[in-house]
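Trainee: Pasting the sequence and the predicted model now:
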2 protein chains.
Amino acid sequence: MSLLIVGSVALDNILTPVDRRDNVLGGAGTFFSYAASFFTSVQLSGVVGDDFPQEHLKMLQDRNVDISGVEIRQGEKTFRWTGRYLENMNDRETIETQLNVLGQEPPKLPDAFTRAQYVFLGNAPPSVQMKTLDQIQGADLVAADTMNLWIDIERGPLLELMQRIDGLVLNDSEARMLTGELNVITAARKILDMGPSFVVVKKGEHGSMFLSEHEIYLVPAFPTETVVDPTGAGDSFAGGMMGYLAAHGTTDAESIKMGIVYGTLIAAATVGGFGLDRLREMTKDRLEEKLNQFRQMVSF
Amino acid sequence: MSLLIVGSVALDNILTPVDRRDNVLGGAGTFFSYAASFFTSVQLSGVVGDDFPQEHLKMLQDRNVDISGVEIRQGEKTFRWTGRYLENMNDRETIETQLNVLGQEPPKLPDAFTRAQYVFLGNAPPSVQMKTLDQIQGADLVAADTMNLWIDIERGPLLELMQRIDGLVLNDSEARMLTGELNVITAARKILDMGPSFVVVKKGEHGSMFLSEHEIYLVPAFPTETVVDPTGAGDSFAGGMMGYLAAHGTTDAESIKMGIVYGTLIAAATVGGFGLDRLREMTKDRLEEKLNQFRQMVSF
């Protein structure tokens, strides 16, 4: 089944306690589509400036990512994020954000993309996410990401969006902020009351949780000793999950659990290098190997 | 197989953001032995004052806990801890500690206890834990708990103890403190280098991790919305784990994983009430029911 991701394509400057890299290919759309491409072809909608290196688009194309929805705006610059990870490699501070093309009119979906059956709305203002949703013609499953900023300044539109999507994917701190509940299970239940039929709460190094009306699934993080750059972990997680679902044409809870497991393995590879460096070394066979290792670690 | 726990028996005053209880039966020895008693008979070594209510000992006896190793010191008072849990129900502050009998000579093991095949050394100064170990005659498996205080002020004896035990059970913050490693997997590996053949790292609401030379197991916490009093969660976790192992007479990694799963379920019941209140409502049948629910939540 066809899978659409609407998300940012970025150039990042990343500082860690031990290293620094500039002009790293990043953005939710990038990580998501690369991760999903292990399972299925992907439609990527995004916007870049004319400073964006052609080789990155070529690389995504080679992974069966349809980049006809990536608008290249002449005379404009690509979205840039400069951030620094703290000693624990979990918390980070933003040093600079240059919105550039991301601060302008969002790209329009190509016709073919509006008929996607699986849709993921990458992090963006909920009002913008809804404009994208307006263009979608009856998808089987729509999931969205959000962030603390929108919970804070666009709460109304976010609550409206939540009535229109099947699944919400967010961090534990965002789930607490959205609901005012400290207990993450209680927070997740409250999110279901707000509209979505399922919620996936990401807890970083502590794994993730799936909650729907009748099911709770718990997936620990895959143990990773070498965390080089956590950027994109959450987006590759979501890409793995949605890619798996689209490839199998399923939307049931058990399938989402399996998608989350694959997303977990892909996210673990992502954090092992800057940008896509380590993830690009991953193969489908290696992924199946990791799956068996992981099953042995958590099943009883 | 026989199981010995050497640990504190206490009376606690517990304050939470919404409630307060005084004179609650507590202590590592109490929680551990109650939890282990779901699987096997338990030998409890501890010491109390003559203020300790007889009914508590009777209750443990009814659970097949051998209390012949609990010394009642006349004219002395039982160990008392008064603590307050913060809003997140995870962090706590100690308001008052009255060591009383716990500040005196530790109790001597009855002869029968020295031949225990499974031994758990509850949290105590490592020098004291070693004196207990000196009395043990060739156990199949010895595991120990420790805490930040001993890592800080009794590091030498702790390192010596670690050469003599099979397993160390400790919190993630303690594992980091002991090894100076921020990554919990790296910290756990370093702990193996210090002597034990396995380590169990407890991460509270984020579950736990088992590490040995060739195995890593990850067990999420059982989802719990109602956390009334987290006191004793770690001790009932360890009691469930060791009780399961002693009941099956096994020491292999797969068995320890299963023990950790049961410990997880028992700890989740413990935090649902003050002291042993909720755990006392648990039955073996109910535990098996929870096990099936839990398997459905984490297996894939």
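Mentor: Arrived safely.
Trainee: Would you agree residue A:143 is in contact with residue A:119?
Mentor: Yes - applying Cβ atoms under 8 Å, one finds residue A:143 in contact with residue A:119, separated by 7.4 Å. (Each C-beta comes from the backbone N, C-alpha and C, glycine too.)
Trainee: how many other residues sit next to residue A:120?
Mentor: Residues lying near residue A:120 (other Cβ atoms under 10 Å in any protein chain shown) number 32.
Trainee: thought it was touching residue A:144?
Mentor: Yes - counting by Cβ under 8 Å, residue A:144 is a contact partner of residue A:120 at 7.2 Å.
Trainee: need the contact list for the closest residue to residue A:52 other than its chain neighbours.
Mentor: In this structure, residue A:52 finds its nearest non-sequential neighbour in residue A:78, 4.7 Å apart by Cβ to Cβ, 6 or more residues apart in numbering or on different chains. Taking Cβ atoms under 8 Å, 6 or more residues apart in numbering or on different chains, we find residue A:78 in contact with A:9, A:10, A:11, A:48, A:49, A:51, A:52, A:100, A:101.
Trainee: Can you tell me the SS state at the closest residue to residue A:233 other than its chain neighbours?
Mentor: Among residues not flanking residue A:233 along the chain, residue A:267 sits closest, at 4.4 Å (Cβ to Cβ, 6+ apart). Of the three states, residue A:267 takes helix according to DSSP: H, G, I helix; E, B strand; the rest coil.
Trainee: Return the residues in contact with residue A:267.
Mentor: A:35, A:221, A:222, A:233, A:234, A:236, A:237, A:240.
Trainee: So which other helices or strands are in contact with the one helix or strand the fifth one maps to?
Mentor: By that I understand residue A:234. Assessed by DSSP states H and E, residue A:234 sits inside helix A:233-248. With contacts defined as 3 or more Cβ pairs under 8 Å, 6 or more residues apart in numbering or on different chains; DSSP states H and E, the packing partners of helix A:233-248 are strand A:3-6, helix A:28-36, strand A:118-121, strand A:141-145, strand A:167-171, strand A:198-202, helix A:253-270.
Trainee: Would you mark the buried spots in it?
Mentor: Of all the residues in helix A:233-248, those buried under the rule 16 or more other Cβ atoms under 10 Å in any protein chain shown are A:233-247.
Trainee: where along the stretch 51-200 of chain A do the helices fall?
Mentor: In the stretch 51-200 of chain A, the segments counted as helices under DSSP state H, counting those that start in this stretch are A:54-62, A:126-135, A:148-153, A:155-162, A:172-179, A:184-193.
Trainee: As PDB, could you dump the C-alpha coordinates of the last one?
Mentor: Output for helix A:184-193, consisting of C-alpha atoms alone and laid out as PDB, is shown next (Å, rounded to 0.1, in the frame of the first residue of the first chain):
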ATOM      1  CA  VAL A 184       2.500   8.100  31.500                       C
ATOM      2  CA  ILE A 185      -0.200   5.400  31.200                       C
ATOM      3  CA  THR A 186      -2.900   7.800  32.600                       C
ATOM      4  CA  ALA A 187      -1.600  10.500  30.100                       C
ATOM      5  CA  ALA A 188      -1.900   8.000  27.200                       C
ATOM      6  CA  ARG A 189      -5.400   7.100  28.200                       C
ATOM      7  CA  LYS A 190      -6.400  10.700  28.300                       C
ATOM      8  CA  ILE A 191      -4.900  11.200  24.800                       C
ATOM      9  CA  LEU A 192      -7.200   8.400  23.500                       C
ATOM     10  CA  ASP A 193     -10.200  10.300  25.000                       C
END
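Trainee: how many neighbours does the residue in the stretch 1-150 of chain A that chain B sits nearest to have?
Mentor: Residue nearest to chain B within the stretch 1-150 of chain A: residue A:88 (5.8 Å; Cβ to the nearest Cβ). Residues within reach of residue A:88, counting by other Cβ under 10 Å, total 13.
Trainee: is it true that it touches residue B:184?
Mentor: No - in this structure residue A:88 lies outside contact range of residue B:184 using Cβ under 8 Å: 10.9 Å.
Trainee: and the helices of the stretch 51-200 of chain A as JSON lines, adding mean pLDDT, distance to residue B:156 and mean neighbour count?
Mentor: Below are the helices of the stretch 51-200 of chain A laid out as JSON lines (pLDDT from 0 to 100; distance: least, Cβ to Cβ, whole Å; neighbours: other Cβ atoms under 10 Å in any protein chain shown):
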{"stretch": "helix A:54-62", "mean pLDDT": "98", "distance to residue B:156": "55", "mean neighbour count": "14"}
{"stretch": "helix A:126-135", "mean pLDDT": "97", "distance to residue B:156": "57", "mean neighbour count": "18"}
{"stretch": "helix A:148-153", "mean pLDDT": "95", "distance to residue B:156": "46", "mean neighbour count": "15"}
{"stretch": "helix A:155-162", "mean pLDDT": "98", "distance to residue B:156": "55", "mean neighbour count": "17"}
{"stretch": "helix A:172-179", "mean pLDDT": "97", "distance to residue B:156": "39", "mean neighbour count": "20"}
{"stretch": "helix A:184-193", "mean pLDDT": "97", "distance to residue B:156": "40", "mean neighbour count": "19"}
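Trainee: Look up how far residue A:63 lies from residue A:198.
Mentor: Going from residue A:198 to residue A:63 by Cβ to Cβ, to the nearest Å gives 27 Å.
Trainee: Looking at these two, which has the bigger crowd around it?
Mentor: Neighbour totals were compared for residue A:198 and residue A:63, and residue A:198 leads with 23 against 16 (other Cβ under 10 Å).
Trainee: can I assume the more buried one is in contact with residue A:167?
Mentor: Yes - counting by Cβ under 8 Å, residue A:198 touches residue A:167, with 4.6 Å between them.
Trainee: Name the residues contacting each of the two.
Mentor: With Cβ under 8 Å, 6+ apart, residue A:198 and residue A:167 have common neighbours residue A:256.
Trainee: more neighbours, residue A:143 and residue A:119?
Mentor: Applying other Cβ under 10 Å to residue A:143 and residue A:119 shows that residue A:119 carries more neighbours, namely 28 against 23.
Trainee: Contacts only, for the more buried one.
Mentor: Applying Cβ under 8 Å, 6+ apart, we find residue A:119 in contact with A:3, A:4, A:6, A:133, A:136, A:139, A:141, A:142, A:143.
Trainee: so which pair among those is furthest apart in space?
Mentor: The span of the contacts of residue A:119, defined through Cβ to Cβ, is set by A:3 and A:133 at 15.4 Å.
Trainee: Reformat the contacts of residue A:119 as CSV; add distance to residue A:96.
Mentor: Shown next, in CSV, are the contacts of residue A:119 (distance: Cβ to Cβ, whole Å):
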residue, distance to residue A:96
A:3, 32
A:4, 30
A:6, 24
A:133, 31
A:136, 33
A:139, 36
A:141, 36
A:142, 32
A:143, 30
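Trainee: Which of those are buried? Put it as a PyMOL command.
Mentor: Restricted to buried positions by 16+ other Cβ under 10 Å, the PyMOL selection for those reads:
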select buried, chain A and resi 3+4+6+133+136+139+141+142+143
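Trainee: contacting residues around the residue lying closest to the residue of the stretch 1-150 of chain A closest to chain B once chain neighbours are set aside?
Mentor: Of all residues not flanking residue A:88 in the chain, residue B:182 sits nearest, at 5.8 Å (Cβ to Cβ, 6+ apart). For residue B:182, the contact set (Cβ under 8 Å, 6+ apart) comprises A:87, A:88, A:89, B:176.
Trainee: Can you pick out the most distant pair from these?
Mentor: Using Cβ to Cβ, the pair of the contacts of residue B:182 lying farthest apart is A:89 and B:176, separated by 13.2 Å.
Trainee: Around chain B, which positions in the stretch 101-250 of chain A sit nearby?
Mentor: A:182-186, A:189, A:203, A:205-207, A:209, A:216-221, A:223-225, A:227 (Cβ under 8 Å from any Cβ of the partner chain).
Trainee: mind redoing it with 6 Å?
Mentor: Contact residues, the stretch 101-250 of chain A versus chain B (Cβ under 6 Å from any Cβ of the partner chain): A:182, A:183, A:185, A:186, A:206, A:216, A:217, A:218, A:220, A:223, A:225.
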